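Chemist: Just to be clear, the model below is a prediction. Sequence and coordinates:
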There are 2 protein chains.
Amino acid sequence: MDFPEQNQISSELRETGDIFAPKFDANGLVLAITTEAGSGQVLMVAYMNKEALSLTLSTGIVHYYSRSRQSLWKKGETSGEMQRLIDMRVDCDQDALLLSVEQTGRGAACHTGQKSCFYRKVRTKNGTFTLQKEDGGQIFDPKQVYSRD
Amino acid sequence: MDFPEQNQISSELRETGDIFAPKFDANGLVLAITTEAGSGQVLMVAYMNKEALSLTLSTGIVHYYSRSRQSLWKKGETSGEMQRLIDMRVDCDQDALLLSVEQTGRGAACHTGQKSCFYRKVRTKNGTFTLQKEDGGQIFDPKQVYSRD
């Protein structure tokens, strides 16, 4: 699967036209914000390279590119928490994708075992900032799921 | 306003603790995903440097850092489409923020005049991908709002 090169289309066409021309950055990556189908809750944010995007679109199963491991990342391959693609959108300048997915497995997108990676709120307390966890967000124990035994 | 340096806290504490220690990248930026308060709809994605984050938290008005202009960006200063911060969350590794905002002005977060920057869906058509705009998403005419006369 191939996509038009950035220099093949004008910035106006990219921002308002109907050509899908994702803008991969200097590292060949495009941002992917992933939301839960139905609720629209933001679950996580990650990156895709051309291969991950192509596989996501062709298989309907979300693939990312792991910057820390520097490799293709089929989400949920270890944990079982895979994501079924329902819908994909792109932003005005086409350097970010917005995915709507069905989270499979236990329903936790985050490797900490939480449903969403964004499970802590920033709170002001005595003039400093602290993070407050939401109650009941813990779906699995990462020590058990990612055990290396 | 200052935040703990990344090397001051362990990765476990960063991912599951209550210390707000945003992880600025090599360019001093952290990702900010902005959603509409109430609906949770994703409006846009941008970056913040330390100054933008501090100003956002201290004033309650969302500031970003514009990578293209390489300067602080008080969202809506030109267009009037400012964002009032309702809530802020941070993800597991603290390199991304999730903002909940009230969009002021006409209600368009995108410089194209659309409510959300993610106003086009990726569609398969005759084996290729095209973008389909949502009906009724155009809130203002950017040529009028950003006129340089």
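Modeler: The structure has been received and is ready for your questions.

Chemist: Show me where chain A has its strands.
Modeler: A:30-36, A:42-48, A:63-66, A:71-74, A:83-90, A:96-103, A:120-125, A:128-133 (DSSP state E).

Chemist: Could you check those strands and tell me which one is nearest residue A:21?
Modeler: Set against residue A:21 and scored by CB to CB, those come closest in strand A:83-90, at 8.9 Å. C-beta here means a position set from N, CA and C on the backbone, and glycine is covered the same way.

Chemist: tilt between the closest one and strand B:128-133?
Modeler: For strand A:83-90 against strand B:128-133, the angle by axes from the mean of the first three to the mean of the last three CA atoms, to 10 degrees is 60 degrees.

Chemist: could you check the angle strand A:30-36 makes with strand A:83-90?
Modeler: Inter-element angle recorded for strand A:83-90 and strand A:30-36: 120 degrees (by the same axes, to 10 degrees).

Chemist: Can you get me a residue count around residue A:37?
Modeler: 16 (other CB atoms under 10 Å in any protein chain shown).

Chemist: so it touches residue A:98, yeah?
Modeler: No. Using CB atoms under 8 Å, residue A:37 is not in contact with residue A:98; the gap is 11.8 Å.

Chemist: in the helix or strand of chain A with the lowest mean pLDDT, what's buried?
Modeler: Sorted by mean pLDDT, DSSP states H and E, the helices and strands of chain A end with helix A:142-145, the least confident at a mean of 85. Of the residues in helix A:142-145, A:142, A:145 count as buried by neighbour count, 16 or more other CB atoms under 10 Å in any protein chain shown.

Chemist: Stretch A:65-78 now?
Modeler: Buried residues in stretch A:65-78, counted by 16+ other CB under 10 Å: A:65, A:73-76.

Chemist: Now do that stretch, average pLDDT.
Modeler: Here stretch A:65-78 scores 95 as its mean pLDDT.

Chemist: Pull the residues that contact it.
Modeler: A:27, A:29, A:46-49, A:51-52, A:55, A:61-64, A:81-83, A:104-105, A:145-146 (CB atoms under 8 Å, 6 or more residues apart in numbering or on different chains).

Chemist: run the last query once more with 7 Å
Modeler: A:29, A:47-49, A:51-52, A:62-64, A:82-83, A:104-105, A:146 (CB atoms under 7 Å, 6 or more residues apart in numbering or on different chains).

Chemist: are any of those buried, and which?
Modeler: Of the contacts of stretch A:65-78, these count as buried by 16+ other CB under 10 Å: A:29, A:47-49, A:52, A:62-64, A:82-83.

Chemist: who's in contact with the residue of chain A most remote from its centre?
Modeler: The centre of chain A is farthest from one residue, residue A:126, which by CA atoms, centre = their mean lies 34.4 Å away. Residues counted as contacts of residue A:126 (CB under 7 Å, 6+ apart): none.

Chemist: near chain B, which residues of chain A show up?
Modeler: A:15-16, A:18-20, A:31, A:33, A:35, A:40-42, A:45, A:87-92, A:96, A:98, A:110-112, A:117-118, A:120-122, A:129-131 (CB under 7 Å from any CB of the partner chain).

Chemist: Quick one: buried ones out of the residues you listed?
Modeler: Buried residues within the residues of chain A next to chain B, counting neighbours by 16+ other CB under 10 Å: A:15-16, A:20, A:31, A:33, A:35, A:41-42, A:45, A:88-92, A:96, A:98, A:110-112, A:117-118, A:120-122, A:129, A:131.

Chemist: just checking, residue A:32 touches residue A:63?
Modeler: No. The pair residue A:32 / residue A:63 is not scored as a contact, 9.7 Å apart, by CB atoms under 7 Å.

Chemist: ok, back up a step: nearest to residue A:10, of the contacts of stretch A:65-78?
Modeler: Looking across those and measuring by CB to CB, the closest to residue A:10 is residue A:29, at 22.9 Å.
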